[in-house]
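Engineer: only the shape, not the letters, is given here:
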């Protein structure tokens, strides 16, 4: 029997609020840490925006790399250091290649899940894998290949602590 | 003393999952209904995507109408009938005008709140208002004016039940 | 009677390049009219991208601010100094407000014209106006209000030569 | 020695239209080279939009699939029947897979060329190839794989005349 992990992450939501709304009442924090596991995966749930659809009535294919980036961003934050922090330290993951295979269309207002994992946690090259689903139905899968670079966009190696961080899972 | 409302809405999130992840364990449902109030407002929280920024290092201004639409979409869903359901019934809110006033920039990875309200719930014309904030700091405010139309994009009036719905707040 | 001017500007194009190419087939000239008017106006012609449409089968409304920016960008370049050059000099036109009124929808693959003019060429505040058309049919009109800022995004005044430039028309 | 062909295609442009306009100032001709090659290639030139850049100061990678689609769209139009016409006939090229390899960044206001060719002109499956350049410098290359479908998004075969059309080059 596997334990049921709660999910760590920022949750994005919507709701009707009365005039007497008190911000302090709202809590988007979800606490959960998943530790003892060799193969971690992050989960990002998003709702399809009207602007993401096209005249075929489905989500435009160029939207998926944006969702993958969102998933990768959540993955790194959950790992312990957000990509915004990476950037502030002068470490960039420059996109070198993207591949997406489309399996089933998504539509406006649907809830979509992006599952992100780290396929290759290298010192100079990092590869992420993605599965995009709607309630268990595979919509698309893809990979993004990144080269490690500095703020000057020149190749560099990952700092040891970040390498340790991404190799931990 | 004001009551502390819980928020009704779909929450979007991210988190690391172990290999043994069981989807049944995840619940993004947040239940709350806010009823007895003359002035309702919906709250949508989102995380700024890298793709939404521009070379000035801030969120590109054309992103805000997309966020406003997201807020409007949540507003209607929370009211009781999603815009996807409106469309399925042959009722459209065609965008007739948008206005956005920018007050403070947003940046990658920040959590942003969109507060949506209904300024004019008419039978032929519906106006929404928006306040976009980051933890209480006003980033932008705007309005969108919509004309009621059918699936053929011709003007029509709102069905009575939808009119009652939007005039309820 | 006005002379029929050719248009100054950057032209974007596409074409098949076979060995047997026949130039006589070319028939995509940009047409433009210069009215008897002291004010200058720039003309940007673009072809609607599939990615710019939405599930209603028409161009998504958040696309229009992007087209307006494209028009404004062409306007400044044609005036004599591109906005890229402005930025390199540490001068930015921060977007303070946008307004768009939608009149008629645009669809995939249509050729659309953006007519940009300068409504208010101030030292601290610059306002552009836009008419977006398809072969004379008005699709949308709008304005963008900009505040002059430096690379640090703090308010500043326009350098004299740029002020002279924008006040020339 | 190849003849210097003018380019067939839709040209997109901008220009100031003063009364005192001087046509002699025009100097934005699109250049193109036709190599000694039996395969056709279409050329689409576009100017980088500010909205297409991101906080790294370069064009966001999810913009490239949009440019590839623009190139593919020009390719089909130049071949003799636009994709809008395909759609009107109930024939769709559903995107099944995209791959992009990024070689060098593009920046705001640069002129970029998209060279599109047909790698696999099948009856059920069509593959396009793309080279995205800036004045001869390779920015990215990619492919898009498409399955032929009807208006109902179900698989079908290409009508004979369209098959003949795409197999002609």
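Structural biologist: Arrived safely, thanks for sending. Small disclaimer: the values here were computed from a predicted structure and weren't measured.

Engineer: hey, where'd the helices end up in chain A?
Structural biologist: In order along the chain, chain A carries the following helices (DSSP state H): A:63-79, A:83-88, A:160-167.

Engineer: so who does the residue sitting nearest the centre point of chain A touch?
Structural biologist: Centroid-nearest residue in chain A, with Cα atoms, centre = their mean: residue A:71, separated by 1.1 Å. Counting by Cβ atoms under 8 Å, 6 or more residues apart in numbering or on different chains, residue A:71 makes contact with A:42, A:44, A:114, A:115, A:116, A:128, A:130, B:14. All C-beta spots, glycine's among them, are computed from the backbone N, C-alpha and C.

Engineer: can you name the two of these that are farthest apart?
Structural biologist: The distance between the two most remote of these (Cβ to Cβ) is 13.5 Å, for A:128 and B:14.

Engineer: these two: which is more packed in?
Structural biologist: Summary of the neighbour comparison: residue A:128 and residue B:14, criterion other Cβ atoms under 10 Å in any protein chain shown, with residue B:14 having more neighbours (28 against 24).

Engineer: pLDDT value on that one, please?
Structural biologist: pLDDT recorded at residue B:14 is 44.

Engineer: can you tell me how far residue A:76 sits from residue B:53?
Structural biologist: 17 Å (Cβ to Cβ, to the nearest Å).

Engineer: what does residue A:134 give?
Structural biologist: When Cβ to Cβ is the yardstick, residue A:134 and residue B:53 sit 27 Å from each other.

Engineer: which one of those two has more residues nearby?
Structural biologist: A count of neighbours by other Cβ under 10 Å puts residue B:53 above the other of residue A:134 and residue B:53, at 23 against 16.

Engineer: from what I see, the more buried one and residue B:105 are in contact.
Structural biologist: No: checked against Cβ atoms under 8 Å, the pair residue B:53 and residue B:105 is beyond contact range at 9.6 Å.

Engineer: where do the contact lists of those two overlap?
Structural biologist: Shared contacts of residue B:53 and residue B:105, defined by Cβ under 8 Å, 6+ apart, are found at residue B:59.

Engineer: what is the burial count for residue A:58?
Structural biologist: When neighbours are counted by other Cβ under 10 Å, residue A:58 comes out with 21.

Engineer: apart from its neighbours in sequence, what residue is nearest it?
Structural biologist: residue A:105 (3.7 Å; Cβ to Cβ, 6 or more residues apart in numbering or on different chains).

Engineer: residues contacting the one you found?
Structural biologist: Going by Cβ under 8 Å, 6+ apart, the list of residues near residue A:105 reads A:56, A:58, A:59, A:139, D:153.

Engineer: list buried residues within these.
Structural biologist: Among these, those buried by neighbour count (16 or more other Cβ atoms under 10 Å in any protein chain shown) are A:56, A:58, A:59, A:139.

Engineer: who's in contact with the third one?
Structural biologist: Contact analysis of residue A:59 by Cβ under 8 Å, 6+ apart lists A:48, A:52, A:53, A:105, A:106, A:107.

Engineer: quick one: the fifth one and residue A:113 touch, right?
Structural biologist: Read it as residue A:106. No: between residue A:106 and residue A:113 there is no contact under Cβ under 8 Å: 10.6 Å.

Engineer: any residues in contact with both of those two?
Structural biologist: With Cβ under 8 Å, 6+ apart as the test, residue A:106 and residue A:113 both reach A:132, A:134.

Engineer: about what we covered before: can you add pLDDT and distance to residue B:163 and give the contacts of residue A:59 back as CSV?
Structural biologist: Supplementary listing: the contacts of residue A:59 in CSV, determined by pLDDT from 0 to 100; distance: Cβ to Cβ, whole Å:
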residue, pLDDT, distance to residue B:163
A:48, 97, 27
A:52, 98, 29
A:53, 98, 27
A:105, 97, 33
A:106, 98, 31
A:107, 98, 26
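
Engineer: and those residues, which is closest to residue B:100?
Structural biologist: Minimum separation from residue B:100 among the contacts of residue A:59 (Cβ to Cβ) is found for residue A:52, which lies at 19.4 Å.

Engineer: residues near the closest residue to the closest one other than its chain neighbours, how many?
Structural biologist: In space, not counting the residues next to it along the chain, residue A:52 is nearest to residue A:63; the distance is 4.5 Å by Cβ to Cβ, 6+ apart. If you count neighbours by other Cβ under 10 Å, residue A:63 ends up with 23.

Engineer: model confidence for residue A:63, exactly?
Structural biologist: For residue A:63, the predicted pLDDT is 98.

Engineer: OK, contacts around the closest residue to residue A:93 other than its chain neighbours?
Structural biologist: The spatially closest residue to residue A:93, leaving aside those adjacent along the chain, is residue A:146, at 3.9 Å (Cβ to Cβ, 6+ apart). For residue A:146, the residues meeting the contact criterion (Cβ under 8 Å, 6+ apart) are A:93, A:94, A:95, A:96, A:125, A:126, A:127, A:128.

Engineer: could you check how far residue A:146 is from chain B?
Structural biologist: According to Cβ to the nearest Cβ, to the nearest Å, residue A:146 and chain B sit 13 Å apart.

Engineer: ok, residue A:118 next?
Structural biologist: Relative to chain B, residue A:118 is positioned 10 Å away (Cβ to the nearest Cβ).

Engineer: is it correct that that residue is in contact with residue A:165?
Structural biologist: No: checked against Cβ under 8 Å, the pair residue A:118 and residue A:165 is beyond contact range at 10.4 Å.

Engineer: of these two, who's got more company?
Structural biologist: When neighbours are counted by other Cβ under 10 Å, residue A:118 and residue A:165 differ, and residue A:118 comes out ahead with 22 against 17.

Engineer: show me where chain A has strands.
Structural biologist: Remark: strands assigned in chain A by DSSP state E are A:9-10, A:14-17, A:29-30, A:41-47, A:92-102, A:111-121, A:125-134, A:137-149.

Engineer: off-centre distance for the fourth one?
Structural biologist: Pointing back at strand A:41-47 there. Counting by Cα atoms, centre = their mean, to the nearest Å, strand A:41-47 is centred 7 Å from the centre of its parent chain.

Engineer: check which helices and strands that strand is in contact with.
Structural biologist: strand A:9-10, helix A:63-79, strand A:111-121, strand B:16-17 (3 or more Cβ pairs under 8 Å, 6 or more residues apart in numbering or on different chains; DSSP states H and E).

Engineer: what angle separates it from strand A:111-121?
Structural biologist: Using axes from the mean of the first three to the mean of the last three Cα atoms, to 10 degrees, one finds that strand A:41-47 and strand A:111-121 are set 150 degrees apart in direction.

Engineer: check contacts around residue A:96.
Structural biologist: With contacts defined as Cβ under 8 Å, 6+ apart, the neighbours of residue A:96 are A:125, A:145, A:146, A:147, D:101, D:102.

Engineer: try 10 Å this time
Structural biologist: A:125-127, A:144-147, A:149, D:61, D:100-103 (Cβ atoms under 10 Å, 6 or more residues apart in numbering or on different chains).

Engineer: cool, thanks, signing off.
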